[in-house]
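[1] below are the sequence and a predicted model; questions follow.
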Amino acid sequence: MAETLEDIAAKMVAKGKGLLAADESTGTIGKRFATIDLESTADSRRDYREMLFRTDEAMKKYVSGVILYDETIRQKAADGTPLVDIIKAAGAVPGIKVDAGAKPLALMPDEKITEGLDGLRERLKEYYELGARFAKWRAVIEIGPHRPSHDCINANAHALARYAALCQEAGIVPIVEPEVLMDGAIATHDIDTCYKVTEWTLKTVFQELYYAGVRLEGMVLKPNMVVPGNKCDKQAAPEEVAEKTVRVLKNCVPSAVPGIAFLSGGQSDEAATEHLSLINELGPLPWAVTFSYGRALQAAALAAWGGKPENVAAAERALLHRAHMNSLAATGTWKPELEKKAA
Ligand code: 13P
């Protein structure tokens, strides 16, 4: 019998586990590879991701699911095994990014609308056959002078709701990701501005999900934390980030939602872990609260690898360490000393 949306969502946010976001588009992974002077080719992208997914201990103990990109969900490991099968063999759920990226929003300078609804029903059907049981769509909200606009929030929330409804129709759990950027072009805003814009965004998103008939029990929310812009003069203490993040979520996210899995958004590896742990320390919370990190899980592994086969073991150790630290954070039991012990 096919798993229900609720079963899949519960698996995605199982205690002490979180999601590995490995769904960088070809353009984005090219930028990441440039930091290690590695040419981005179909094979180098495959080698890198194969290495991540074959980090057996990290995958089995700490990773509940992996978000893939269209190319990756179709790729085979060097020995011919589909990458999807490696993920499944580790007990994790394969997922897929289905949005087509954030494009300029008409008449709204410097704002973006995420595209990809056309033909989505058919694409979801194919992704289901390829093994995906959850999907991701990211909306981008940027703070600046006179931004975000009402139009930007509404249009993005509406698109997220249409996407989520199509996913549920296809038996796929939607990750609903409205990201209020901390590292946009200006990014001098303070933490309270992030709070207000996050609140406005989440209120609008849940209203649109309701209008679209989306079942909250069969989705996962992927929000930003409440943090100041990375160019703000006044950075916030980790405790303040945790307190304001929990407050905005309690005000906006119904308890029917089974899980919240944060994006890292440009936070340092350790900050993303510390914030998640402090957030969970403020529990009990009405939802499972975990990670769905891209950069904050992968950065150390990518740097350790450097594109060289002889560094695979070191890269896998780096991924295992970050995944372990974030697993502890997902239960509110991470401590800074644990980072030093490993180093
Ligand atoms: P970061 O954790 O690097 O922000 O990536 C998560 C993600 O999936 C962004 O859409």
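    Looks like it arrived, so ask away.
[2] in contact with residue 186, which residues?
    Under the criterion of Cβ atoms under 8 Å, 6 or more residues apart in numbering, the contact list for residue 186 reads 142-145, 229, 231. Using the backbone N, CA and C atoms, a C-beta is placed for each residue, glycine as well.
[3] try it again with 10 Å
    In this structure, residue 186 makes contact with 110, 142-145, 147, 229, 231-232, judged by Cβ atoms under 10 Å, 6 or more residues apart in numbering.
[4] do residue 53 as well
    The neighbours of residue 53, taking Cβ under 10 Å, 6+ apart as the test, are 20, 22, 59, 63, 66, 68, 72, 77, 83-87, 89-90, 92, 94.
[5] look up how far the ligand lies from it.
    16 Å (Cβ to the nearest ligand atom, to the nearest Å).
[6] distance check, that residue against residue 316.
    Residue 53 sits 11 Å away from residue 316, taking Cβ to Cβ, to the nearest Å as the criterion.
[7] go on, residue 177?
    Between residue 177 and residue 316 the distance, using Cβ to Cβ, works out to 27 Å.
[8] in this protein, which residue sits closest to the ligand?
    Using Cβ to the nearest ligand atom, residue 294 is the residue of the chain that sits closest to the ligand, at 2.8 Å.
[9] which residues touch residue 290?
    Contacts for residue 290 (Cβ under 10 Å, 6+ apart) come out as 12-19, 62, 64, 220, 259-262, 276, 279-280, 326-327, 329-331.
[10] sheet partners, orientation included, of the host helix or strand of it?
    Remark: residue 290 resides in strand 288-293, with elements defined by DSSP states H and E. According to DSSP bridges, strand 288-293 has the following sheet partners: strand 18-21 (parallel), strand 259-262 (parallel).
[11] pick the most deeply packed of the ones you listed.
    For the strands paired with strand 288-293, the stretch with the most neighbours on average is strand 18-21, a mean of 30; neighbours defined as mean count of other Cβ atoms under 10 Å.
[12] so for that strand, mean pLDDT?
    Averaging pLDDT along strand 18-21 yields 98.
[13] same question for stretch 310-327.
    Stretch 310-327 shows a mean pLDDT of 98 in the predicted model.
[14] and it, how far out from the chain's middle?
    Its chain's C-alpha centre lies 18 Å from the corresponding centre of stretch 310-327 when counted by Cα atoms, centre = their mean, to the nearest Å.
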